[in-house]
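Asker: starting from these lines, generate the structure:
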Amino acid sequence: MSELKDLLQTADWKTEKHVPVIDAPDKIKKGDAVKIVVTIGKEIAHPNTTEHHISWAALYFQADGEKFPYQIGRFEFGAHGESTQGPSTSTIYTNPEAICVFKTEKSGTLLAVSYCNIHGLWQSSKKIEIA
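Answerer: Numbers count the residues shown, from 1 in each chain. Below you'll find the model as predicted:
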């Protein structure tokens, strides 16, 4: 039986279109609101068709010294060219990019997970420090 941790894939986002890219500053001021952007397919565009698309992404923050991460946001990407007439019959597409703002008083790690309907779960992380 598989465990979820065994299904999470990772790679260099510059060469793999499925990896969620976390754009955030390396250092932030304690308690200041900071904008985080999560993009899937930043360097190499991911297809966004009915047959092959990113369905969702989630962003977490694990503060240093804490056991469990906090969910910062979950983002659904629901339009992939389908319509009531069938697959790939619409001109409406969702770009797999999400923006959120959060604040913290502790250093820690941002963790992002994305889901491709064909290639499964992908993860990445980014350390942020309190300046």
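
Asker: next, count neighbours for Phe61.
Answerer: Residues near Phe61, counting by other Cβ atoms under 10 Å, number 19. Every residue, glycine included, has its C-beta placed from N, CA and C.

Asker: correct me if wrong: it contacts Leu110.
Answerer: Yes. With contact defined as Cβ atoms under 8 Å, Phe61 reaches Leu110; the gap is 5.6 Å.

Asker: overlap of the contact sets of those two?
Answerer: Common contacts of Phe61 and Leu110, defined by Cβ atoms under 8 Å, 6 or more residues apart in numbering, comprise Ile72.

Asker: ok, Lys126 - contacts?
Answerer: By Cβ under 8 Å, 6+ apart, the contact set of Lys126 is Ile22, Ala24, Thr109, Leu110.

Asker: buried ones among those residues?
Answerer: With burial judged by 16 or more other Cβ atoms under 10 Å, the buried subset of these is Ile22, Ala24, Leu110.

Asker: host element of the nearest residue to the first one once chain neighbours are set aside?
Answerer: The one in question is Ile22. Among residues not flanking Ile22 along the chain, Lys126 sits closest, at 4.3 Å (Cβ to Cβ, 6 or more residues apart in numbering). Element membership for Lys126, per DSSP states H and E: strand 120-130.

Asker: in that strand, what's buried?
Answerer: So strand 120-130, judged by 16+ other Cβ under 10 Å, has buried residues Trp122, Gln123, Ser124, Ile128, Ile130.
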